[in-house]
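Trainee: Provide a 3D model corresponding to the input given below.
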Amino acid sequence: MTQRGSRRSAGDPAGGEPVRDGRADVPDDVAAAVERVLSTAALLWSRADQGLEPAVSPIQLRAVEAVARFGRLNLGGLAEELGAIPSSTSRLCDRLEAAGLVVRESAPADRRETLIRLTDQGERLHAELARRRREVVREVLAQMSPASRGRLIDALTDFGQACDRQDPAAPGALGSRSA
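Mentor: Here you go, the predicted model:
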């Protein structure tokens, strides 16, 4: 078993944990601890969304974030990102467009395809959201020692890479979502 916080070798994908059938044997208490931390972090993260101008719903924020992440998305790509059906996504875009956060435009390669991009106001909203969330994270990190922060970044990097391997639609494996 590796020591907590130690670096693992490239040939040790489970970080010293026993491996069975190609999967790490993760104890329930570890999974529960991660679940608790993620739940608390999500709550802190969502509190940063409160008071944004213009006021937008959580699903509208998710749409703004998806469009910001990809730059431009067609309706199908946005629907896929949100886990929604295209007709619901179209109505969502109607509301975002009315709020001045997105604009729809024809794709240069195929005028029948509609692309969605953020307006300047949508980009400002997204930047303010990112600033607020980063501040929430900084406040939490400030309560940790530098050594703990170093271990955290190593662990989060590994965790993020594992998440990307679980999600075939993660950045870098985008397919046709972006225009």
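Trainee: now the host helix or strand of residue 37, how far from the centre of its chain.
Mentor: Secondary structure assigned from DSSP states H and E places residue 37 in helix 28-47. With C-alpha atoms, centre = their mean, to the nearest Å as the basis, helix 28-47 stands 15 Å off its chain's centre.
Trainee: now do stretch 112-125
Mentor: 18 Å.
Trainee: Name the surrounding residues that touch stretch 103-112.
Mentor: Applying C-beta atoms under 8 Å, 6 or more residues apart in numbering, the contact partners of stretch 103-112 are 74, 93, 97, 113-119, 179. From N, CA and C alone the C-beta is placed, and that goes for glycine too.
Trainee: can you tell me which of these are in helices?
Mentor: Among the contacts of stretch 103-112, the members falling in helices are 93, 97 (criterion: DSSP state H).
Trainee: I'd like to know which of the contacts of stretch 103-112 are buried.
Mentor: 74, 93, 114-118, 179 (16 or more other C-beta atoms under 10 Å).
Trainee: Look up how far residue 31 lies from residue 25.
Mentor: 11 Å (C-beta to C-beta, to the nearest Å).
Trainee: Flag the helix or strand of the protein with the lowest per-element mean pLDDT.
Mentor: When each helix and strand of the chain is scored by mean pLDDT, DSSP states H and E, strand 19-20 comes last, with a mean of 46.
Trainee: pLDDT below threshold where in the chain?
Mentor: Counting by pLDDT under 70, the chain has low-confidence residues at 1-24, 168-179.
Trainee: quick one: the strands in it?
Mentor: With DSSP state E, the ranges of strands along the chain come out as 19-20, 23-24, 72-74, 102-106, 114-118.
Trainee: which residues are contacting the last one?
Mentor: Looking back up the chat, that one is strand 114-118. Applying C-beta under 8 Å, 6+ apart, the contact partners of strand 114-118 are 64, 67-68, 71-75, 78, 93, 101-107, 126, 179.
Trainee: partners of that strand in the sheet?
Mentor: Strand pairing for strand 114-118, using DSSP bridges, gives strand 72-74 (antiparallel), strand 102-106 (antiparallel).
Trainee: closest one to residue 60 among those strands?
Mentor: Smallest distance to residue 60 across the strands paired with strand 114-118 (C-beta to C-beta): 9.6 Å, for strand 102-106.
Trainee: what about dumping the CA coordinates of that closest one to CSV?
Mentor: Provided in CSV are the C-alpha atoms of strand 102-106 (Å, rounded to 0.1, in the frame of the first residue of the first chain):
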residue,chain,number,x,y,z
VAL,A,102,-27.1,34.1,-26.2
VAL,A,103,-27.6,34.7,-29.8
ARG,A,104,-28.4,32.1,-32.5
GLU,A,105,-26.7,32.3,-35.9
SER,A,106,-26.5,30.2,-39.0
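Trainee: Would you mind listing the buried residues in that strand?
Mentor: For strand 102-106, burial by neighbour count (16+ other C-beta under 10 Å) applies to residue 102.
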